Structures are given as C-alpha cells and as structure tokens.
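Undergrad: How does the following fold in three dimensions:
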Amino acid sequence: MNFILVSTPFNHMMAVKKSTTVWLILLLMLMVDSASAWWTGGHVILSKAAVRALPDDVPDFFRSSGFMIAHCSADPDIANNRDVPHLRSAQHPDHYLDLELLKGNNLPDTRYGLINLCHQLKLDPEKVGFLPYEIIESTERLALSFAEYRRHPKNPYIQQKCLVYAGLLGHYSEDVCQPLHVTLHHNGRVNADGEVIAHKGIHYQVDAIIEHVGFTSDQLTEDLQIQALDDLRKGVLAIVQTKHSEVERLYELADQFPSENEADPTLSPEVAKFVKHMAVSSTQFTAQLYLTAWQMSKDITFPGWYGKSFDRSKYDSE
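TA: Now for the predicted structure:
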C-alpha cells in the first residue's frame, strides 16, 4: 500500500498508523485461516479412514461416500465462529468434557442429567462440557436416518441426510479420542485456580499433528476389525475413561511434540507411536459408531402417522 506523505508530524503519524493497521488485519486473517486449516484437516483424514474401515454389511451408498462424510466432519469447527454467537454458544460445550470437575461422580444417563448434577455441584454446565452426550445423541440421530433408509432405500434425500449426520457424528467421536478433550488440563497443566502453569498451547500442537503427519486411510485401517458397540451409552462412556487415562502419558511427551506450525514434523519414536495410536483409535471408534447406528436402525419403529398422513415419497418431487 502506497502513501503520499507531506512533511507534517500528524500526517506522518496517521500514515504509519494506517499502514500498521492494515498489516495487523492481514496477519489476523492469516492466523484464522491457518488455525482452521490444520484443525479440520485432521478430521477429514480420520473420517475418510473410518468409512474405509466399515464392513460390507453397511450400505454401499454410505461406504462409497467417504469424501462427503469427511467434508461434513469439519462443520462443527466451522460453526465455532464468533459471527454466529448463538450457535457458537450452544455448540461449543459439545466438543469437550472436563471430567475432573465432576469430582468422581458417575456421568448421568442424559445431557439434562449432567446439567442437574452440575447444579448440585455448583458448577457451570457449559464449563464442564457435553461431549459424550453429543456423541450418543448424534449416533441415535444417524440410526434414525438409517431406519428411514431401510424403508426408502432409493430416496436420495434420505441418503444425503445420512451422510451429513455421519460427518457431524464423526467430528465428535474423533474429538473424544484426543485425550485433551476429556480433561480440565485441556490446553496445559492448570493449578487449583485454573491458571495454566505448564505446557500452555499443547492442545493446538496435538490437534495439528494428525494433519501434519498426513496419515493415509490404508495406514489407519490396516488390520482393523470393526464391531458394533453392544451398548451405545456404556461404549461411549468407556472411551471417555480410556482417553482420560491417556492424559498423563500425553503430558509426559508434551515437550517432544512439534509446533502446530511445523508442516512436516520429525517425530520421536515415542511421539510417533502415541500419535498413531490416537489416529487409529479415532478411526476405529468412529467406524464402530457408524456400524452401531446401522445395526440399531433395524429395530427402530416409527409412529403411526409416518407413512400414512406423512408419506416421505409424496414430498420428494413437485
């Protein structure tokens, strides 16, 4: 940007200030784009791999749509946007669970049960987070759409709906497999007052790593055997506890994690093993939920008005 300067102190000051402001705006834009890129890129990699891992009894339309599902897996992060404050406020707590805040209490059966528990413990529910409930609810939502597909297997709109819901579910199932999403120490070790005392910024380093390593679907699905969860709720709560137990190991490796800005990092053997474990477990758990939703769908019934006073096919064309 060019400025015509006249030799007065005021004009010189204003020109410099304007130039500085422009550069700051450009820098902020670059920072926002960069943050969005590496975060969502990992979800895309994991979601494509999860679809690749599915067994043949999942419908072909679903197994052949990995790119669409992966595309939608980025949406929850895109919605975490200050320009849509109500959506951001409602959805942001679905990305995490600060398990330590519950002081050993068992997780209730439902989202509203957790809210009631938080009130008893004098906690702000949105600071605790709702991640496992979002996973359970999203799996049931996908199961419901799969049940519609069973009734109307040639309906393209129902198929598209299944893919969108699968992408959204995949985002949260992959979040829970990143241990820092289920701990109070989510972006550094914190003290009793909630102040970060060590490893501030570690969350960004861990979130970035899968995209920067650039795993292929073959690398993440080799020898994976996908089985549906026997009990959806118990299975989701079990993965929460498993990943929470990995927080300590992650912090043992924290000093070895590369910067989130390092696009082609060289990892120590210990970090490489841990990162591969996170990526494979994310792939496996997401695929398990997809298969679980498909199997759940065969037992879902619809109310009497469905297919009678409300006929799906009737509204599929003009």
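Undergrad: Could you pull out the buried residues of stretch 250-259?
TA: Neighbour-count burial for stretch 250-259 flags 250, 251, 253, 254, 257, 258 (criterion: 16 or more other C-beta atoms under 10 Å). Every residue, glycine included, has its C-beta placed from N, CA and C.
Undergrad: Could you pull up phi and psi at residue 198?
TA: phi -160, psi 150 (degrees, to the nearest 10).
Undergrad: on that earlier part again, quickly check the buried residues of stretch 250-259 for the two that are furthest apart.
TA: Using C-beta to C-beta, the pair of the buried residues of stretch 250-259 lying farthest apart is 251 and 258, separated by 15.9 Å.
Undergrad: follow-up on the earlier one: mind checking which of the buried residues of stretch 250-259 are in helices?
TA: 250, 251 (DSSP state H).
Undergrad: where in the stretch 51-200 of the chain is pLDDT low?
TA: Along the stretch 51-200 of the chain, no part satisfies pLDDT under 70.
Undergrad: how about the strands in it?
TA: For the stretch 51-200 of the chain, strands defined by DSSP state E, counting those that start in this stretch occupy the ranges 189-190, 196-198.
Undergrad: Pick the most buried one from the ones you listed.
TA: strand 189-190 (a mean of 16; mean count of other C-beta atoms under 10 Å).
Undergrad: mind checking how far that strand is from the chain centre?
TA: Distance of strand 189-190 from the chain centroid (C-alpha atoms, centre = their mean, to the nearest Å) equals 22 Å.
Undergrad: One more: stretch 190-204?
TA: With C-alpha atoms, centre = their mean, you get 21 Å for stretch 190-204.
Undergrad: And the contacts of it?
TA: Residues outside stretch 190-204 that contact it (C-beta atoms under 8 Å, 6 or more residues apart in numbering) are 35, 180, 184, 186-189, 250-251, 254-255, 257, 260.
Undergrad: Same list, those, but as TSV with distance to residue 147 please.
TA: As requested, the contacts of stretch 190-204 are exported to TSV (distance: C-beta to C-beta, whole Å):
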residue	distance to residue 147
35	38
180	35
184	38
186	36
187	39
188	43
189	45
250	38
251	43
254	44
255	49
257	42
260	41
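Undergrad: so which of those would you say is closest to residue 76?
TA: The nearest member of the contacts of stretch 190-204 to residue 76, counting by C-beta to C-beta, is residue 35 at 14.6 Å.
Undergrad: how about a markdown table for the buried residues of stretch 250-259, with distance to residue 133 and pLDDT added?
TA: Shown next, in a markdown table, are those (distance: C-beta to C-beta, whole Å; pLDDT from 0 to 100):
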| residue | distance to residue 133 | pLDDT |
| --- | --- | --- |
| 250 | 24 | 98 |
| 251 | 26 | 98 |
| 253 | 29 | 98 |
| 254 | 29 | 97 |
| 257 | 29 | 96 |
| 258 | 33 | 95 |
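Undergrad: show me where the stretch 1-150 of the chain has helices.
TA: With helices called from DSSP state H, counting those that start in this stretch, the stretch 1-150 of the chain shows them at 9-52, 60-63, 66-73, 75-78, 85-91, 111-120, 125-128, 131-151.
Undergrad: Hmm, residue 181 is touching residue 96, no?
TA: Yes. If you go by C-beta atoms under 8 Å, residue 181 and residue 96 touch, sitting 4.9 Å apart.
Undergrad: would CSV of the strands of the stretch 51-200 of the chain with distance to residue 206 be doable?
TA: Shown next, in CSV, are these (distance: least, C-beta to C-beta, whole Å):
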stretch, distance to residue 206
strand 189-190, 14
strand 196-198, 15
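Undergrad: how deep is the closest residue to residue 159 other than its chain neighbours tucked in, by neighbour count?
TA: Distances taken as C-beta to C-beta, 6 or more residues apart in numbering place residue 61 nearest to residue 159, at 5.1 Å, with adjacent residues excluded. Close neighbours of residue 61, defined as other C-beta atoms under 10 Å, add up to 16.
Undergrad: Residue 215 now?
TA: The burial count for residue 215: 21, using other C-beta under 10 Å.
Undergrad: What of residue 53?
TA: Neighbour count of residue 53, defined by other C-beta under 10 Å: 23.
Undergrad: and what of residue 117?
TA: Residue 117 has 17 neighbouring residues, counting by other C-beta under 10 Å.
Undergrad: what does residue 64 give?
TA: Neighbourhood size, residue 64 [other C-beta under 10 Å]: 10.
Undergrad: how near is it to residue 48?
TA: Separation of residue 64 from residue 48 (C-beta to C-beta, to the nearest Å): 12 Å.
Undergrad: hmm, back to that, overlap in contacts of residue 181 and residue 96?
TA: Residues touching both residue 181 and residue 96 by C-beta under 8 Å, 6+ apart: 131, 175.
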